[in-house]
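Trainee: sequence unavailable; structure follows:
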Ligand SMILES: [Zn+2]
């Protein structure tokens, strides 16, 4: 069979080339608070899909969340959206503040998502924090020897167990460009940015989705965060409360109208 003109040939391994990755677990691993920090940015090659991906792992801030809140709050999963105008977002905030139902965010009919040569994947703490992360500041008054500086084993075990029995939802914001229509060869990166929301029930599932979406489809993972299933925007009004640690999502909340998010 002649080589397809649409697949650029690339050397399978370059000297000092990208790290070769074959599984989701190698792609995005867990990092414990007391252990090594993830590499802030690296290019890996997902060998089963023959694609390079730029993986970054810096931490996320509230401004990053605000950038994608429109999609997290109003988007349905598995359809593509353009970012709405600021006036639309402001209007939704006004509706919400006056207790009205927000309008539906219009999905794109013909999204034509481009497969990027080298998509980016932002592996933020939402995707790298294990549910049994170490807890250093004992919150349960457990007796610990003076001078002991490690994690409290009782708190760590208790919170890991609590978290494992708390239904969580992991959100991924995927993005790419829209292909021009009609398709113009070489000009297909000039389209508008488009976005899609994915929900997963676990970190492992979210990582597998990021692996597949970037590796096979060539789409960027622009943002990720974790919420409780019973505290999403569908259940609550739009007030956000960021939690510093993942285990805090297992705590029962006194205030019942805010949406707690870990990112
Ligand atoms: Zn403790």
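Mentor: Arrived safely, thanks for sending. In this text the structure is predicted, and so the values were computed from the model without any measurement. Numbers count the residues shown, from 1 in each chain.
Trainee: for residue 96, phi and psi?
Mentor: Recorded main-chain torsions at residue 96 are phi -60, psi -40, according to degrees, to the nearest 10.
Trainee: neighbours of it, how many?
Mentor: Residue 96 sits with 16 neighbouring residues when counted by other C-beta atoms under 10 Å. From N, CA and C alone the C-beta is placed, and that goes for glycine too.
Trainee: next: residue 249.
Mentor: Other residues within reach of residue 249, judged by other C-beta under 10 Å, total 21.
Trainee: spit out the contact partners of it.
Mentor: By C-beta atoms under 8 Å, 6 or more residues apart in numbering, the contact list for residue 249 reads 163, 166, 168, 226, 227, 228, 243, 260, 262.
Trainee: for it, give its distance to the ion.
Mentor: In this view, residue 249 and the ion are 18 Å apart by C-beta to the ion, to the nearest Å.
Trainee: name the SS class of that residue, please.
Mentor: Assigned state for residue 249: helix (three-state reduction, DSSP: H, G, I helix; E, B strand; the rest coil).
Trainee: contact residues of the stretch 151-263 of the chain facing the ion?
Mentor: Taking C-beta under 5 Å from the ion as the criterion, the stretch 151-263 of the chain approaches the ion at residues 152, 154, 155.
Trainee: from those, pick the one nearest residue 118.
Mentor: Set against residue 118, the nearest of those by C-beta to C-beta is residue 155 (41.5 Å).
Trainee: ok so the closest one is a helix residue?
Mentor: Yes - Residue 155: assigned to a helix according to three-state DSSP.
Trainee: number the residues from 262 up from this point.
Mentor: Yep, numbering from 262; the last one is residue 416 now.
Trainee: any idea how far residue 386 is from it?
Mentor: Distance of residue 416 to residue 386, given as C-beta to C-beta, to the nearest Å: 19 Å.
Trainee: for residue 456, give me its contacts.
Mentor: Under the criterion of C-beta under 8 Å, 6+ apart, the contact partners of residue 456 comprise 329, 332, 336, 341, 342, 343, 344, 434, 435, 436, 483.
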